[in-house]
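*Asks:* here is a sequence together with a model predicted from it:
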Amino acid sequence: MNLIVYFIRHGENLSNAGGITMEHAAIPITERGEKEANIIADALNVTPALVLVSEHIHTQQTAQPFCEKHQCTAQTHPLLNEFSAISHELIEGMTGKERRPIADAYWAEAHIDKRMEVAAETFTEFND
């Protein structure tokens with residue numbers, strides 16, 4: 001038996017587009033992200049045995065057109081959640097431009113046990 005696994009990144013979300021910082025799991029996809037989700041649903045011509053998404057709304061919204069096409073329901077799985085490198089409380093209300101120096105400094109330091117406020121994960125924790 002051959003098992004084929006497809007990994008699809010979520011469509012553009014409000015954070016990717018430089019929008020105001022929100023709690024990570026609540027960030028929705030944008031209109032462009034909706035278009036991207038529809039393109040994937042149309043282009044990916046497979047019958048899924050299982051569709052898994054993270055607990056983050058933008059992954060669920062991205063999978064929705066594909067699931068509707070195949071009359072299936074995506075299942076959430078917490079191990080698919082994104083790495084929360086910087087706590088949203090630290091950057092809450094900032095635009096992408098305002099967040100950029102903080103994010104760049106975090107990634108430039110590249111310390112696996114760096115925690116950017118209480119709600120953030122260290123890379124070690126994420127990896128575990």
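*Replies:* Arrived safely, thanks for sending.

*Asks:* break down this structure into its strands, ranges please.
*Replies:* Using DSSP state E, the strands assigned to the chain run over residues 52-53, 75-76.

*Asks:* what is the first one packed up against?
*Replies:* When you say that, I think you mean strand 52-53. Under the contact definition 3 or more Cβ pairs under 8 Å, 6 or more residues apart in numbering; DSSP states H and E, strand 52-53 sits against helix 57-70, strand 75-76. (Glycine included, C-beta is placed from N, CA and C.)

*Asks:* quick one: average pLDDT of stretch 100-120?
*Replies:* Mean pLDDT, stretch 100-120: 89.

*Asks:* nope, stretch 85-92 is what I meant
*Replies:* Average pLDDT, stretch 85-92: 86.

*Asks:* do stretch 34-41 as well
*Replies:* For stretch 34-41, the mean pLDDT works out to 98.

*Asks:* mind listing the helices in this structure by residue range?
*Replies:* Along the chain, the stretches classed as helices by DSSP state H are 31-43, 57-70, 88-91, 96-109, 123-127.
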